[in-house]
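Colleague: Requesting a structural model of the entry that follows:
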Amino acid sequence: MNRRLSTLFTIAAVAVMGATLFGSTYTQTQIAGQSLDSSKLDVNVMDQIRNMGGLQLVMPQAFAETDCGALESSGRTVVEFNLTGESVELPIMGGKTFNAMTFSGQVPGPTLRVTQGDVVKMTLTIPDDEVTGHGNDMHASQISASAFESVNPGETAQYC
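Modeller: Here you go, the predicted structure:
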C-alpha cells in the first residue's frame, strides 16, 4: 500500500510540475489572442503583403491554358475522362440520407489513373436538372482557380 501511495504522489508531482512549466511558457497574448489593427500599419507594408513582396507567380506548364485539340496532335498520350457533376442522396448511418455533390454519382469521385507524362483531358458535364453548378477546383494549389471555373447546370467544360 505504501508503494502505491508513493507512486501516485510521484505521478501527481510530475503532472503538476509539467503543467506549471508548460503553462509558464505562454504569454497572456498568446493564450487570449490579439486582433491586428490594420489602420495602424504602414500602407507600404500592406501593399507588399498584397503583392507578395514582389514575388511573381508563373503558371506551371502543366496547368498553363492550352488548346485541348493541339495536345492530341502533340504526340503525347492523352487520357480522357468524362465526369458528370450531380447531386444525390447518399445513405448514412441511422437510416438517414445526406445530400452530396458528387462526380459521376459517387463520393469520393472515381479514381482517375494516369501515367507520369500523360496529358489529362477531363470533360465535366452538369445535367440541365441539376440544382447547382459544380467545378473541378484545386483548393490547396498555387494555381489560379479561374482555370478550373464552375460549370453551371446544362453546361459542359473541358480541362486539359
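
Colleague: top strand in this protein by residue count?
Modeller: Secondary structure assigned by DSSP state E gives strand 78-92 as the longest strand of the chain.

Colleague: Please identify the helix or strand for residue 71.
Modeller: Using DSSP states H and E, residue 71 sits within helix 68-72.

Colleague: should've said residue 111
Modeller: Using DSSP H and E, residue 111 maps to neither a helix nor a strand.

Colleague: helix, strand or coil for residue 153?
Modeller: At residue 153 the chain is in coil, as set by DSSP: H, G, I helix; E, B strand; the rest coil.

Colleague: Can you tell me the element the residue lying closest to it once chain neighbours are set aside falls in?
Modeller: Nearest non-adjacent residue to residue 153, counting by C-beta to C-beta, 6 or more residues apart in numbering: residue 130, 4.3 Å away. Where C-beta positions appear, they are placed from N, C-alpha and C, glycine not excepted. Per DSSP H and E: residue 130 is located in neither a helix nor a strand.

Colleague: neighbours around residue 130, how many?
Modeller: Residue 130 has 19 neighbours, counted by other C-beta atoms under 10 Å.

Colleague: One more: residue 74?
Modeller: Residue 74 has 10 neighbours, counted by other C-beta under 10 Å.

Colleague: quick one: it from residue 117, how far?
Modeller: 12 Å (C-beta to C-beta, to the nearest Å).

Colleague: Just the mean pLDDT for the longest strand of the chain, thanks.
Modeller: Averaging pLDDT along strand 78-92 yields 88.

Colleague: Now do the domain split for the protein, please.
Modeller: The record assigns the chain these domain ranges, following automatic domain parsing: 1-34, 64-159.

Colleague: mean pLDDT lowest for which of those?
Modeller: domain 1-34 (a mean of 59).

Colleague: List the buried residues in the helix holding residue 71.
Modeller: residue 71 (16 or more other C-beta atoms under 10 Å).

Colleague: Show residues contacting that helix.
Modeller: Contact partners of helix 68-72, identified using C-beta atoms under 8 Å, 6 or more residues apart in numbering, comprise 78, 119, 121, 158, 160.

Colleague: Show me just the buried residues among those residues.
Modeller: Burial by neighbour count, judged by 16+ other C-beta under 10 Å, picks out 119, 121, 160 from the contacts of helix 68-72.

Colleague: That'll do, ta.
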